[in-house]
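[1] I would like to see how this sequence folds:
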Amino acid sequence: KMNKYRPYIVLAVIVAMAAGIYFLFQGDEAEQKGAAPDDAIVTFSNMDMREEAKGQVVWYLKAANVKIDADKDTAHLKNVEGYFKNDQGELTIKADNGTVHRKDKTVTLTGTVHGTTKDGAVLDADNLKYYGKTQILSTDKQFTLVKDGKVLTADTFTADRVLQVVTAKGHASLKEKGK
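    So this is what the prediction gives:
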């Protein structure tokens, strides 16, 4: 009895595969016609990005959503998690948004930026920028850095990428926590 229906089953499978292939490629053609190559923006979900130097990871970021500009130089990130690292330590970071410029070797994090180091420092800032060419981390807005029971606030800071050496500027204040 099975042999009687076999040609129909084979034909049904072939038609289903052909229809699937047709609809798969039809969607791609429609998308290609809708946007000129110069306007194209590539979008990814749950994408990892990193920079390495001398075989070591300098920074690593994972974003829930990433849009890469048509020039392939700029990536716009949403819901960012990751870290900055060197031989002295690691700064784990979370931010609402971010931008990575490949040619300039810069990473900019914006929105609510929260970071922690392995030695107990906690950073809260509105933005954070990492300059890969100079290996400097900075903010141009007010921030709070809590470490060893002390609270450092100021208008801006520059630091190494894991906050071991921090230079605070503008209305700088160092107080005992809770006072």
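
[2] every contact and neighbour count from this point should use C-alpha atoms.
    Fine.

[3] tell me where the protein has helices.
    2-34 (DSSP state H).

[4] which residues of it score low on pLDDT?
    Regions of the chain meeting the criterion pLDDT under 70 cover residues 1-40, 179.

[5] Val42 contacts Asn65, doesn't it?
    No - applying C-alpha atoms under 8 Å, one finds Val42 not in contact with Asn65, separated by 10.7 Å.

[6] so the two - more neighbours on which side?
    The neighbour comparison of Val42 against Asn65 (other C-alpha atoms under 10 Å) goes to Asn65, with 17 against 12.

[7] can you count the residues close to the nearest residue to that one once chain neighbours are set aside?
    Leaving aside its sequence neighbours, Asn65 sits nearest to Ser45 (C-alpha to C-alpha, 6 or more residues apart in numbering; 4.6 Å). Per other C-alpha under 10 Å, the neighbour tally for Ser45 reads 13.

[8] for Ser45, give me its contacts.
    63-66 (C-alpha atoms under 8 Å, 6 or more residues apart in numbering).

[9] closest to Leu91 out of those residues?
    Nearest to Leu91, judged by C-alpha to C-alpha, of the contacts of Ser45 is Ala63 at 16.7 Å.

[10] contact partners for the closest one?
    By C-alpha under 8 Å, 6+ apart, Ala63 lies in contact with 45-48, 77-81.
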